[in-house]
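Enquirer: Sequence and computational prediction follow.
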Amino acid sequence: MAAVAKVSWSVINGVRRGLWRYNTILWSLNSRTLCSSLEEQPNFPGSRSKWTEKLDFVQPDLYDGIPVYRVMDRKGNIIDPAYDPKLGEEMVVRMYHRMTLLNTMDRIMYESQRQGRISFYMTNYGEEGTHIGSAAALDEKDLVYGQYREAGVLMWRGFPLDQFMNQCYGNEGDGGKGRQMPVHYGSLAHNFVTISSPLATQMPQAVGSAYAYKRAQNGQCVICYFGEGTSSEGDAHAAFNFSATLECPVIFFCRNNGYAISTPTSEQYRGDGVAARGPAYGMATIRVDGNDVFAVYNVTKAARHITITENRPVLIEAMTYRIGHHSTSDDSSAYRSVDEVRHWDSTQHPIARLRAYMVSQGWWDDTKEKQWKDDCKRQVMQAFARAERRQKPCWKEMFTDVYDKMPDHIKEQYEYMQAHVQEYEDHYPVKNFAKESH
Amino acid sequence: MLLALPLLKRVLKPTVAPSLCNVFTSRYSSHFSYFPDTVPESMGETQRLNLFQSINNALDTALATDNTAVVFGEDVGFGGVFRCTIGLQDKYGKDRVFNTPLCEQGIAGFAIGVAVSGATAIAELQFADYIFPAFDQIVNEAAKYRYRSGNLFDCGNLTFRAPCGAVGHGALYHSQSPEAYFAHTPGLKVVVPRGPIKAKGLLLSCIRDQNPCIFLEPKVLYRSAVEMVPTKDYTLPLSSADILVEGEDITMVAWGTQVHVLREVAELARQQLNVACEVIDLVSILPWDKETVFNSVKKTGRILIAHEAPITNGFGAEIAAVVQSECFLHLEAPVQRVCGFDTPFPHIFEPFYLPDKWRCLSAVKKLLNY
């Protein structure tokens, strides 16, 4: 009886082992190796790779770097017509209009800070292509989280000149109620989350919103802009990791403009820029010529498709150059040569290249250029004058919106200040501020 | 092993020297006795729950009543290291109750983003001691979202939960009470429950409140605090302090576990000193219920504030400053604070560190004898 049991047990075991081997052969074949058993592959929960007996470090200079995708050459000629997005005259002229309007607004607002009319400003010189190219490829309901140098995205979406100026002047027309420094724009109507000064904080937030969008199945994605300097922050790492593990429809758009204030990229990172990090986190990644508006358009459109249809993140590293100073508080001649800046201002400039394309298509000429330049300047100057004339918000607004409803302790502080200002009215700029809230 | 210990104690006691006995008993005995709350019959059906179960119940209710609500953090999927999220992933699915990578700044930033888009975010930090990587997101972003955007954007649908406080053996990094850091940040709400009944109602209030809230859960109470908790969906007011014991002689203010320490001190004071103490649970650190405290101090003229967090710039300092400012002429003695010392939270020295009932009783005597 025992012998029979023993024999049948070994038969059963033999069958089991055979089945097991059969399964592992199938599994091994599926994993693209020719191993014949489980022992020939590492089976650690943390990795899915192969064994090696060669002691070889993966050196950082393993390869030449992720290539830079482009559509136009440096002068604005389409290299391969198959990749011309063929956006048509109306769209392309609009792109050009927005880039140049932004440029004009920047010049005037920078000057206004120099004249003491506004307290602070940041220009977008040289990066207009990254803004307009990407914004044009998105849906207007896609949520935008920016860093601070993405005004062109708002410009594209139709944020009025008046609103830009109102925010910079902190007047009663500012949607932000005068609470933040200039260029900290925000617009619910344009799905552009209000800018905050701390860097990279927007990145994991963008991931959270993307997750909520995925759950809501609203067909939208989230785009998150940041600079290469910002990518060094811990929040960037957190965002990349969360977006991939939680499978979020978010586009990470890095404006690699060569400088974080005075810190060049050689002091910001040692690897192959920001793009090299993408695959390490499990993200689809591409590097693009940020000054080629069609290339930026193409990659953003493709990235959006991936995020929407596959619910996973994409990293775009747009290579560009910060032609202007970091801000009005910066003089970049202290850390880079004027020649370098002049070089980038006069070659491969996004605006010049787009103009060259438009001219080659017969959509633009010197007359139109002069007309538009004058029109631009007039629009900006008029908005500027309007914004400068407006009053500041009622100073009671200093105490509102800390919470959804004003709690007692803040109410007490407002009442104290109200009495104080009444007594010392001559010492407070009350005349510049509206009497009542709107 | 824990279950065997009482048995071991009984076996050892007659034959082993008392000092060794105390080593066995004192390691597992706490510095407080739990004083359970009760609810009126009007609250309806109740069930016997401990603190982590009542929190679990609150989260379950939140997920059931709000389709957009999501619960996430490290290890919440399998139920959480303190079992607060047990059963929730099975019930509501992996897209609503899920693990995040190990990154508090990511958890906080992600939570803000969820809330900004209009969904309800309930984020868990595994220990309050590890909230600091998230400090920038909480203080610079969450707290200021509504204000800085002119109310165009906000993250009101956001609640952070974290276990806090002494647990007997937590030492530097499993015992902290960080409420004072956050009390200094306008725009946040900071809430600390004293037991299961309060926890369920307060947590649901925080989740539904339209401001970012930090809900600090005294971890030592997770198992030891047991009450008959109403089964229905209920909320409790956030900025309202509770007078647990009425008295005319001394005002005593605390939150969380320390409330129970003070309740015992009140009884000791009554028995030993024939003194009636008024025990107040502050409930909310920010915004805090000044009126209840002032009314009490104007009645008693003497106040003791006690908290586990270190004394310098602990929240007791804020209460003391405001009390002396508003109730100066009513005070019969200087404001007393009994708090943790200005040291990191120690391991083996915990019995010496905590603001225990003897230090509090001693402070009561100081107040009386001034």
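Expert: Noted; the coordinates are in hand.

Enquirer: Next up, the contacts around B:Gly316.
Expert: B:Val253, B:Ile305, B:Ala306, B:His307, B:Arg337, B:Cys339 (CB atoms under 8 Å, 6 or more residues apart in numbering or on different chains). For the C-beta atoms, the positions are set from N, CA and C on the backbone; glycine is no exception.

Enquirer: and of the residues you listed, the nearest to chain A?
Expert: Nearest to chain A among the contacts of B:Gly316: B:Val253, at 16.7 Å, using CB to the nearest CB.

Enquirer: Distance-wise, check the nearest residue to A:Leu188 once chain neighbours are set aside relative to A:Cys221.
Expert: Nearest non-adjacent residue to A:Leu188, counting by CB to CB, 6 or more residues apart in numbering or on different chains: B:Leu152, 4.5 Å away. To A:Cys221, B:Leu152 is 21 Å away according to CB to CB, to the nearest Å.

Enquirer: between these two, who's got more neighbours?
Expert: A direct count of neighbours by other CB atoms under 10 Å in any protein chain shown for B:Leu152 and A:Cys221 places A:Cys221 higher, at 28 against 19.

Enquirer: was I right about that one contacting A:Ile308?
Expert: Yes. A:Cys221 is within contact range of A:Ile308, at 5.6 Å (criterion: CB atoms under 8 Å).

Enquirer: Which residues are in contact with each of these two?
Expert: A:Pro249.

Enquirer: for the residue nearest to A:Leu188, what are its contacts?
Expert: Shown in contact with B:Leu152 (CB under 8 Å, 6+ apart): A:Gly175, A:Gly176, A:Gly186, A:Ser187, A:Leu188, A:Thr194.

Enquirer: Mind checking which of these land in strands?
Expert: Using DSSP state E, no member of those falls in strands.

Enquirer: For ChimeraX, write a command that selects the buried ones of those.
Expert: With 16 or more other CB atoms under 10 Å in any protein chain shown as the criterion, this ChimeraX line picks the buried residues out of the contacts of B:Leu152:
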select /A:175,176,186,187,194
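
Enquirer: after the helix or strand of chain A with the lowest mean pLDDT comes which helix or strand?
Expert: Sorting the helices and strands of chain A by mean pLDDT, DSSP states H and E puts helix A:2-30 at the bottom, at a mean of 52. Using DSSP states H and E, the helix or strand that follows helix A:2-30 towards the C-terminus is strand A:68-69.

Enquirer: Just checking: what are the partner strands of that following strand?
Expert: Using DSSP bridges, the strands paired with strand A:68-69 are strand A:284-289 (parallel).

Enquirer: what's next to the partner strand, contact-wise?
Expert: With contact meaning CB under 8 Å, 6+ apart, strand A:284-289 is reached by A:66-70, A:72, A:273, A:275, A:278-279, A:295-296, A:299, A:302-303, A:306, A:312-319, A:348.

Enquirer: what do you get if the cut-off is 6 Å, keeping everything else the same?
Expert: Residues from elsewhere that reach strand A:284-289 (CB atoms under 6 Å, 6 or more residues apart in numbering or on different chains): A:66, A:68-70, A:275, A:278-279, A:295-296, A:299, A:306, A:314-318.

Enquirer: Distance of the nearest residue to A:Gly282 once chain neighbours are set aside relative to B:Gln210?
Expert: Closest residue in space to A:Gly282, ignoring its immediate chain neighbours: A:Ala244 at 4.0 Å, by CB to CB, 6+ apart. Using CB to CB, A:Ala244 is found at 31 Å from B:Gln210.

Enquirer: And these two? Which one has more around it.
Expert: Counted by other CB under 10 Å, A:Ala244 and B:Gln210 do not tie: A:Ala244 has more neighbours, with 21 against 15.

Enquirer: The more buried one: what secondary structure?
Expert: Classification of A:Ala244 into helix, strand or coil gives helix, according to DSSP: H, G, I helix; E, B strand; the rest coil.

Enquirer: ok so, going back, just give me the closest of the contacts of B:Gly316 to A:Leu101.
Expert: The closest of these to A:Leu101 turns out to be B:His307 (CB to CB; 57.1 Å).

Enquirer: Just give me the neighbour total for that closest one.
Expert: As a burial measure, B:His307 scores 29 neighbours (other CB under 10 Å).

Enquirer: So what touches stretch B:59-73?
Expert: B:92, B:96-98, B:100, B:107, B:119-120, B:122-124, B:207, B:233.

Enquirer: which residues touch B:Val323?
Expert: By CB under 6 Å, 6+ apart, the contact list for B:Val323 reads B:Val297, B:Ile303, B:Val335.

Enquirer: same thing with A:Glu397?
Expert: If you count contacts by CB under 6 Å, 6+ apart, then A:Glu397 has A:Lys177 around it.

Enquirer: pLDDT score assigned to it?
Expert: On the pLDDT scale, A:Glu397 is placed at 97.

Enquirer: A:Arg48 now?
Expert: The model reports A:Arg48 with a pLDDT of 84.

Enquirer: B:Lys13 now?
Expert: Reading off the confidence values, B:Lys13 has pLDDT 47.

Enquirer: what sits against the nearest residue to B:Gly187 once chain neighbours are set aside?
Expert: Here the nearest residue to B:Gly187 in space, its sequence neighbours aside, is B:Ala143; by CB to CB, 6+ apart that works out to 3.4 Å. By CB under 6 Å, 6+ apart, the contact set of B:Ala143 is B:Thr185, B:Gly187, B:Leu188.

Enquirer: For A:Gln202, state which of those residues is nearest.
Expert: Closest to A:Gln202, out of all of these and judged by CB to CB, is B:Gly187, at 17.7 Å.

Enquirer: Okay, and the residue nearest to A:Leu188 sits in which element?
Expert: B:Leu152 belongs to no helix or strand when assigned by DSSP H and E.

Enquirer: What's opposite the residue of the stretch 1-150 of chain A found nearest chain B in the beta bridge?
Expert: Nearest residue of the stretch 1-150 of chain A to chain B: A:Leu143, at 7.0 Å (CB to the nearest CB). Note on A:Leu143: beta-bridge partners A:Val222, judged by DSSP bridges.

Enquirer: Model confidence for it, exactly?
Expert: Taking A:Leu143 on its own, its pLDDT is 98.

Enquirer: Neighbours of it, how many?
Expert: 23.

Enquirer: Quick check, it in contact with A:His190.
Expert: No. Counting by CB atoms under 6 Å, A:Leu143 does not reach A:His190; the two are 10.2 Å apart.

Enquirer: tell me which residues in the one helix or strand A:Ile306 maps to are buried?
Expert: Taking DSSP H and E as the criterion, A:Ile306 maps to helix A:293-310. If you call a residue buried by 16+ other CB under 10 Å, then helix A:293-310 has these buried ones: A:293-300, A:303-304, A:306-308.

Enquirer: Poorly predicted segments of chain A, please.
Expert: Scanning chain A with the threshold set as pLDDT under 70 gives A:1-39, A:438.

Enquirer: and it, which residues reach chain B?
Expert: A:175-177, A:179-180, A:186, A:188, A:193-194, A:198, A:201, A:204-209, A:212, A:234-235, A:238, A:241-242, A:245, A:401-404, A:407, A:409 (CB under 6 Å from any CB of the partner chain).

Enquirer: can you pull out the strands in chain A?
Expert: In chain A, the strands defined using DSSP E lie at A:68-69, A:143-145, A:222-227, A:250-256, A:259-260, A:263-264, A:284-289, A:314-319.

Enquirer: no wait, chain B
Expert: Secondary structure of chain B (DSSP E): strands located at B:46-50, B:70-73, B:97-99, B:121-124, B:158-164, B:189-191, B:213-218, B:226-230, B:242-245, B:250-254, B:277-281, B:284-286, B:303-310, B:336-340.

Enquirer: what about the residue nearest to the spatial centre of chain A, distance to chain B?
Expert: With distances taken as CA atoms, centre = their mean, A:Tyr225 lies nearest the centre of chain A, 1.1 Å away. Noted for A:Tyr225: a distance of 15 Å to chain B, by CB to the nearest CB, to the nearest Å.
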